[in-house]
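S.K.: this is a predicted model, with the sequence first.
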Amino acid sequence: MINKIKIKNIFLVAALLRLISLPWTFHGDIKATYWWGKFALDFGWRGFYDWLNFGGYGRPDQPMVNIYYDWLVRIVYQIIYQLLWFLNTQIPAFPSNLITWYVESGNLVLLKIPMLLADLLLIYFAYRYSKKFFDEKKSKIIVLILALYPPFIYNTSFWGSGDSIVNLLAIISLIFIWQKRYIFSAFFLIISILYKPSLLIWAPIYLVIALKHKIGLKNITHVSLFSIGLIYLISYPFAPKEINPILWFTNTMTSRILPGFMPHLTANAMNFWGLIYGLELKLDSLFLFNFITARTLSILICIPFYIYTLVKFHRHFTLKNLLFTTTSFTLITFTFMTRMHERYTYPALLPLLLLAFHDKKLMKYFIYLSVTHTYNVLCAWWLDGLLYFYPLVAITSITNILLTLKIVFWNPTENSKSLKQ
């Protein structure tokens, strides 16, 4: 049956499902980016993070590339608005109600369109990967799963969280560094982090890959200079004239962006801290055992798991183990670090699906993670009353903890294709 389905038809179904879902609902996150784009176009970029007053619309807590994105979408929105208004005034039969809908929802829908395209590209990369390792039937099954996959559709078409863009850019970056194309890798990694810094946690993985490649001083110098120059160009329009853009960037990232908007034990994430304290908001600066903050303890818990995962990756340097490593880093961070949001298992979903086709024993863990992810994001928005029903929070948190430990200590087989392949 699956063999008779054309791959282009599966992609068409994936696109249509997401398009149909786009205009019906908008999370507060997408509404915040609407205002960021509008304010950027109306008032300019300089002082955007420093003195521009956003009133009750939510101050910007994402980096500069996110603001450029919102600004560009706002420009596209206005161009389309001018076209629609021209048609409305020139053609009597033109449906004027379309103008009303567009003013209310058009900008929000346009903000989701690139996320939809990123979603489709993620599926395409999964297809390209599966074609290298599996037969055509399995490749089509993988694409079909992702085409119909509720977490992807929900995060992109309903929530509009931008996770698909962040992950797409990071995956492209990993592909380039795997191929020893370091400048391209640095470009896409920086753009990913400066859109949303959620995958900054993968940075140590790049260090291991560079170490295994025996990257030379010349390449390190080129990448460093390129990265500094790119960050300078991205930051310059935002930085006050009297401050060096690199210094402004460093201060803004460390004091406003990376600490997060919600410095809590958990920002709706059902994890280790959710198991202990539930999901009532508590600052992660609280002291445990009278001598260490919860934030510090969370970092100390994660570090040994990170090191173990990196050592395993260094010893078994294969493309398959790269998938294990990105999955493990994502789950370790989500499960044991404070300040985690409900969506932050998203980067583990795609690699874990591919791993499940390498080893069918992993399929049950992919299903478990899909269920806990979906339940967690639904509770964070539409079923928010269940956030405080501790028995379900505890069950989901325990499942995520056990799943994380199982993946971290999993011994992947070593029959993956080598680096040269």
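M.R.: Good, I have the coordinates.

S.K.: okay, and the residue nearest to Ile142 when sequence neighbours are not counted sits in which element?
M.R.: Distance criterion C-beta to C-beta, 6 or more residues apart in numbering; nearest residue to Ile142, sequence neighbours excluded, is Ser130 at 4.8 Å. To be clear about C-beta, it is placed using only N, CA and C from the backbone, and glycine gets the same treatment. Assessed by DSSP states H and E, Ser130 sits inside helix 107-133.

S.K.: beyond that helix, next helix or strand please.
M.R.: Next helix or strand after helix 107-133 toward the C-terminus (DSSP H and E): helix 136-147.

S.K.: just checking, what packs against that next one?
M.R.: Counting contacts by 3 or more C-beta pairs under 8 Å, 6 or more residues apart in numbering; DSSP states H and E, helix 136-147 is packed against helix 7-21, helix 107-133, helix 346-358.

S.K.: one more time with 6 Å
M.R.: Contact here means 3 or more C-beta pairs under 6 Å, 6 or more residues apart in numbering; DSSP states H and E; on that basis helix 136-147 packs against helix 7-21, helix 107-133.

S.K.: avg pLDDT for the helix or strand following the first one?
M.R.: This points to helix 7-21. Per DSSP H and E, the first helix or strand lying C-terminal to helix 7-21 is helix 28-43. Average pLDDT, helix 28-43: 94.

S.K.: run through who's touching helix 28-43.
M.R.: With contact meaning C-beta atoms under 6 Å, 6 or more residues apart in numbering, helix 28-43 is reached by 52, 57-58, 60, 67, 70-71, 73-74, 107-108, 111, 160-161.

S.K.: before we move on, the earlier item: to Leu283, which of the helices and strands packed on helix 136-147 lies closest?
M.R.: Counting by C-beta to C-beta, Leu283 lies closest to helix 107-133 out of those; the figure is 31.1 Å.

S.K.: so what does that closest one touch, helix or strand wise?
M.R.: Against helix 107-133 (3+ C-beta pairs under 6 Å, 6+ apart) you get helix 28-43, helix 64-90, helix 136-147, helix 163-178.

S.K.: okay, angle between it and helix 64-90 too, please.
M.R.: Taking axes from the mean of the first three to the mean of the last three C-alpha atoms, to 10 degrees, one finds that helix 107-133 is oriented at 120 degrees with respect to helix 64-90.

S.K.: buried residues, helix 107-133. List them.
M.R.: Going by neighbour count (16 or more other C-beta atoms under 10 Å), the buried part of helix 107-133 is 107-127, 129-130, 133.

S.K.: stretch 406-413 - what's its average pLDDT?
M.R.: When pLDDT is averaged over stretch 406-413, the result is 85.

S.K.: contacts for it?
M.R.: Identification of contacts with stretch 406-413 by C-beta under 6 Å, 6+ apart yields 305, 320-321, 324, 327-328, 331.

S.K.: now with 7 Å?
M.R.: By C-beta atoms under 7 Å, 6 or more residues apart in numbering, the surrounding residues in contact with stretch 406-413 are 305, 308-309, 316, 320-321, 324, 327-328, 331-332, 359, 365.

S.K.: export it to PDB, keeping only CA atoms.
M.R.: Only the C-alpha atoms of stretch 406-413 are listed here, as PDB (Å, rounded to 0.1, in the frame of the first residue of the first chain):
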ATOM      1  CA  LYS A 406      17.100   5.200  29.100                       C
ATOM      2  CA  ILE A 407      18.200   7.200  26.000                       C
ATOM      3  CA  VAL A 408      21.300   8.600  27.700                       C
ATOM      4  CA  PHE A 409      22.500   5.200  28.700                       C
ATOM      5  CA  TRP A 410      21.400   3.400  25.500                       C
ATOM      6  CA  ASN A 411      24.300   1.600  23.800                       C
ATOM      7  CA  PRO A 412      23.800   2.200  20.100                       C
ATOM      8  CA  THR A 413      25.000  -0.400  17.600                       C
END
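
S.K.: centre of the chain to it, how far?
M.R.: Relative to its chain's centre, stretch 406-413 lies at 23 Å (C-alpha atoms, centre = their mean, to the nearest Å).

S.K.: do stretch 200-213 as well
M.R.: Centre-to-centre, stretch 200-213 and its host chain are 18 Å apart (C-alpha atoms, centre = their mean).

S.K.: could you give me the buried positions within that stretch?
M.R.: Neighbour counts using 16+ other C-beta under 10 Å place 201-202, 205-206, 208-210 of stretch 200-213 among the buried residues.

S.K.: in stretch 134-151, which residues are buried?
M.R.: Buried-residue list, stretch 134-151, by 16+ other C-beta under 10 Å: 134, 139-147, 149, 151.

S.K.: the most centrally placed residue in the chain - nearest residue in space that isn't next to it in sequence?
M.R.: Geometric centre of the chain, nearest residue: Asp163, 3.2 Å, by C-alpha atoms, centre = their mean. Spatial nearest neighbour of Asp163, excluding adjacent residues (C-beta to C-beta, 6+ apart): Tyr346 at 4.6 Å.
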